[in-house]
Structure formats: structure tokens, C-alpha cells
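Participant: Sequence and predicted model, in that order:
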Amino acid sequence: MRKFGLFLISVFFILIVPYAVSAEFSNYQMSYSDITAYINHHPVPSFACDGKSVIKAEDLEHFGFDVVFDSASMTLDITRNSEVFIDGMRFTKIGYPNGFPKGTGTASGVKVRVNGYDVDSFAYDGCSMIAFEDLGMLGDVYWVPEFRALKLWADGIHIIDYAPLVLEKPPIDPDIPMIALTFDDGPSYFTDDILDVLEKYGAKATFFIVGERAEEYSSQLKRACKLGMEIGNHTYSHVDLTGVSWNYGVSQITGTDSAVLNVTGSKTTLLRPPGGFVNSTVCSFAGKPIVMWSVDTLDWKYRDAWHVASSALAAGDGDIVLMHDLYPSTAKAVKTIVPQFIERGYQLVTISELAYFKGYKLSPGIVVGRI
Ligand code: ZN
């Protein structure tokens with residue numbers, strides 16, 4: 001059936017696309033879409049425009065395709081790459097998480113070709129937007145109605161076992177206050193209890209992972225990733241980065257990236273140095289935005305759910321709350337914290353979402369405490 005669908009899509013594009021007018025999208029409004037687009041099971045940012053799901057053509061290079069711009073002919077060529085590592089999640093999270101500034105696309109002077117065939121495109125935010133459906137020339141495009149998912153499967157691309165996100169996040173409203181809950185030092189046995197609560201309330205959080213724990217608690221890590229939690233880096237063996245050599249510090253960060261990559265198929269997006277210890281050397285080798293916190297629950301010290309919950313609930317709009325998914329008292333506190341914040345009208349978001357919707361740019365080596 002899929003092969004037949006591919007055949008029909010191919011015939012459609014081969015016959016129709018070369019005659020399409022490339023300014024078709026001119027002056028259409030772009031907006032949030034509740035449809036999730038995937039390439040080989042990796043989510044790719046997509047937006048609604050004129051009844052179509054559109055993506056940034058440039059994003060495709062993160063999903064195993066060659067994207068080459070020729071300035072002389074003003075042509076953007078998208079073709080299959082032989083063997084490329086896929087790093088889609090990182091791009092998805094840092095770029096524009098599940099939301100997009102509304103605006104108007106314009107006709108583009110750039111001609112976009114997919115496997116040699118012209119496709120409709122328009123300029124937006126300095127990029128060329130194309131319809132996801134047009135990727136049918138790169139592989140098999142199909143629609144999964146129960147998940148409202150639009151998928152491309154391209155054979156021969158190196159894939160890491162990574163379960164697709166199946167939930168549909170409601171769009172984040174920038175006018176409603178938001179808080180980022182963060183959990184350090186895991187994953188652990190108690191991560192599952194915390195994920196149960198976050199999942200139940202459709203809330204998001206960021207988990208700063210200790211690399212050497214990733215394999216032992218791979219099911220918790222995988223689940224966090226699958227639920228759309230942001231995965232950050234907390235070094236490989238929880239070292240004070242201000243007290244180690246440059247090379248060792250780098251290896252602590254890349255070691256966690258490799259460990260997380262092995263489990264989830266994605267690298268980490270952010271760094272939280274253990275203890276919050278940071279200096280100019282750490283900033284120079286971090287290679288990722290350095291995220292601190294603005295509300296410290298001291299949950300490692302006070303192993304009491306009531307104390308942890310009351311500390312966390314002092315947070316307000318733009319705050320980053322520090323907890324640790326190592327303790328049963330913290331897991332118990334989360335059962336109060338999450339529904340309380342939601343009842344108070346807060347959106348619980350990841351760090352990248354908080355930064356994005358508060359208009360804060362996360363940059364490698366730059367320290368963030370509150371957004
Ligand atoms: Zn820590």
C-alpha cells in the first residue's frame with residue numbers, strides 16, 4: 001500500500017510539479033500546526049500554510065539530505081545523501097519549538113528543486129519554505145491519521161532506534177506565564193514517577209543527565225525524550241568543571257553527548273555544570289548554552305516533599321526551578337507542584353521553549369539564570 005502510495009505521489013509530482021508556479025504561497029499566513037511531521041521517525045518542525053504542512057528546506061540537511069545553494073543560478077538543490085548521521089531532535093528543540101512567529105511569506109527569488117524537480121517555495125525568515133508533501137520525491141510520504149502525523153520514510157539513511165513523539169503538544173501561548181522545571185543528576189528509578197506526573201498533565205521539563213547513568217536508566221531517558229522533555233548535559237561523572245583541565249572538561253561533556261545519543265538518537269542541547277560552578281574556561285569549552293536556575297528547592301538537602309513543593313511553588317513567570325530526579329521526596333513533591341502550577345495558570349515548558357517564547361537567544365558558552 002505504501003509502495004502504491006509512493007508510486008501515485010511520484011507520478012503526481014513528475015507530471016505536475018515542473019509546471020507549478022513557484023510563487024503559489026505568496027502572502028499566505030503561516031501558523032502553528034497540530035500536525036507533526038517526521039523524517040525517518042525524527043520530528044521536524046512544520047507549520048501550517050494554506051492548508052499545507054510546510055518546512056524549512058534548509059532543515060533537511062539535519063535529516064540526512066544534501067541541501068546545496070547555488071548563488072549564480074539562485075537554485076537550492078535538495079538531494080539524497082549517502083550516509084549521514086541524523087541529529088534532528090537537537091535542531092527541533094533549539095530552533096523553534098512547536099511554535100512559529102506568525103507572519104507572511106513572500107515569493108522567493110530562490111528556485112527549489114527536490115531530486116531535480118522544481119517545487120513550490122516561498123521565502124520566510126530568511127529561509128525557503130517548501131511543502132512537506134513535496135518530499136515524496138525523496139522517499140515514501142504518508143499520513144498517519146491516529147497521530148495526526150505526516151511522515152517521510154527514506155530508505156538507506158542511517159537511523160538510530162528512536163521512538164517517534166506521538167503526543168500533540170498544544171501551542172504555547174506567549175501571553176500566559178510560563179515556568180521551566182529542571183531535574184539534575186538523573187536519570188534514576190524515580191525519573192519514571194516524575195514523568196508519570198508530567199505526562200498526565202501534558203507538562204514539559206528539562207532533564208540534565210549524568211552521562212554515566214544513561215545506559216543503566218536508558219528506559220527512563222528514552223521515555224523522557226519520547227514525551228518531548230528537553231535533555232540537557234550534566235557532565236559524564238558529575239565533576240566540578242572549574243577544577244579540571246580543558247581537555248578533560250570537554251571529554252566530560254562529549255562523553256554525556258555520546259551516552260545520550262546512544263540511547264535517544266540525539267545529543268544534548270544545553271549544559272548545566274554540576275554545582276552550578278562555572279568560570280570563563282568552562283564557558284569557553286562548553287559548546288552549549290549554560291543554564292543555571294533562579295529558584296533552588298534544595299531538594300538534595302531537605303528530603304521532604306512538603307519542603308520541596310513549597311520552595312518550588314514560590315516560582316513565577318520566567319523562573320527556572322532546580323530539582324533532582326534522584327529522590328523519592330522530590331518525585332512525591334512533583335505530584336503537588338505540577339497540578340498546582342497548572343491550576344495557577346502557568347504553562348510548564350522546557351528551557352528552550354522558555355527562551356524562545358520570552359524572546360531570549362540561547363548561545364553556546366553564555367550563562368542563563370532566569371529568562
Ligand atoms: Zn548535579
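Facilitator: Now that the structure is in, tell me what you want to look at. Numbering: from 1, shown residues only.

Participant: alpha carbons only for contacts and neighbour counts from here, please
Facilitator: OK.

Participant: Show me what residue of the stretch 251-371 of the chain gets nearest to the ion.
Facilitator: Closest approach between the stretch 251-371 of the chain and the ion, counting by Cα to the ion: Pro274, at 4.4 Å.

Participant: That residue contacts Tyr236, doesn't it?
Facilitator: No - Pro274 is beyond contact range of Tyr236, at 10.2 Å (criterion: Cα atoms under 8 Å).

Participant: tell me the contacts of Tyr236?
Facilitator: Neighbouring residues of Tyr236 by Cα atoms under 8 Å, 6 or more residues apart in numbering: Val210, Gly211, Glu212, Gln252, Ile253, Gly255, Thr256.

Participant: Ignore what I typed, I meant Gly255.
Facilitator: Gly211, Thr235, Tyr236.

Participant: can you confirm it is in a helix?
Facilitator: Yes - assessed by DSSP: H, G, I helix; E, B strand; the rest coil, Gly255 belongs to a helix.

Participant: do you know how far it is from Asn279?
Facilitator: 21 Å (Cα to Cα, to the nearest Å).

Participant: OK, contacts around Pro174?
Facilitator: Pro174 is in contact with Phe357, Lys358, counting by Cα under 8 Å, 6+ apart.

Participant: repeat that with 10 Å
Facilitator: Going by Cα atoms under 10 Å, 6 or more residues apart in numbering, Pro174 touches Gly99, Gln347, Glu353, Leu354, Tyr356, Phe357, Lys358, Gly359.

Participant: Farthest-apart pair in the contacts of Tyr236, please.
Facilitator: Within those, two members stand farthest from each other by Cα to Cα: Glu212 and Ile253, at 11.2 Å.

Participant: between these two, who's got more neighbours?
Facilitator: With neighbours defined as other Cα atoms under 10 Å, Glu212 and Ile253 compare such that Ile253 has more, 25 against 19.

Participant: so what's Thr104 scoring on pLDDT?
Facilitator: Thr104 is assigned 51 on the pLDDT scale.

Participant: typo on my end, it should be Leu313
Facilitator: At Leu313, the model reports a pLDDT of 96.

Participant: nearest residue to it other than its sequence neighbours?
Facilitator: Once flanking residues are discounted, Leu313 sits nearest to Ile337: 6.4 Å by Cα to Cα, 6 or more residues apart in numbering.

Participant: again, but for Val239
Facilitator: Leaving aside its chain neighbours, Val239 sits nearest to Pro274 (6.3 Å; criterion: Cα to Cα, 6+ apart).

Participant: wait, the one you found sits on His238?
Facilitator: Yes - using Cα atoms under 10 Å, Pro274 is in contact with His238, at 5.8 Å.

Participant: Return every residue with contacts to both of those two.
Facilitator: What both Pro274 and His238 touch, as defined by Cα under 10 Å, 6+ apart, is the set Asp185, Val210.

Participant: Give me the more crowded residue out of those two.
Facilitator: Pro274 (21 against 17).

Participant: Roughly how far does that one sit from Cys49?
Facilitator: Note on Pro274: its distance to Cys49, by Cα to Cα, is 43 Å.

Participant: Would you map the helices across the stretch 201-350 of the chain?
Facilitator: Taking DSSP state H, counting those that start in this stretch as the criterion, the stretch 201-350 of the chain carries its helices at 218-226, 246-264, 280-286, 305-312, 328-343.

Participant: elements contacting the third one?
Facilitator: Under the contact definition 3 or more Cα pairs under 10 Å, 6 or more residues apart in numbering; DSSP states H and E, helix 280-286 sits against helix 246-264.

Participant: Can you give the distance from the helix it packs on to the centre of its chain?
Facilitator: Taking Cα atoms, centre = their mean, to the nearest Å, one finds the center of helix 246-264 at 18 Å from the center of the full chain.

Participant: With just CA atoms, put that helix into PDB.
Facilitator: This file holds the C-alpha atoms of helix 246-264, laid out as PDB (Å, rounded to 0.1, in the frame of the first residue of the first chain):
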ATOM      1  CA  TRP A 246      40.300  21.900  29.300                       C
ATOM      2  CA  ASN A 247      40.600  18.500  27.600                       C
ATOM      3  CA  TYR A 248      39.000  16.600  30.500                       C
ATOM      4  CA  GLY A 249      36.200  19.100  30.700                       C
ATOM      5  CA  VAL A 250      35.400  18.700  27.000                       C
ATOM      6  CA  SER A 251      35.500  14.900  27.400                       C
ATOM      7  CA  GLN A 252      33.000  15.100  30.300                       C
ATOM      8  CA  ILE A 253      30.600  17.000  28.000                       C
ATOM      9  CA  THR A 254      31.100  14.900  24.900                       C
ATOM     10  CA  GLY A 255      31.000  11.700  26.900                       C
ATOM     11  CA  THR A 256      27.500  12.500  28.000                       C
ATOM     12  CA  ASP A 257      26.500  13.500  24.500                       C
ATOM     13  CA  SER A 258      27.600  10.100  23.200                       C
ATOM     14  CA  ALA A 259      25.900   8.300  26.000                       C
ATOM     15  CA  VAL A 260      22.600  10.200  25.400                       C
ATOM     16  CA  LEU A 261      23.000   9.800  21.700                       C
ATOM     17  CA  ASN A 262      23.300   6.000  22.100                       C
ATOM     18  CA  VAL A 263      20.000   5.900  23.900                       C
ATOM     19  CA  THR A 264      17.900   8.500  22.300                       C
END
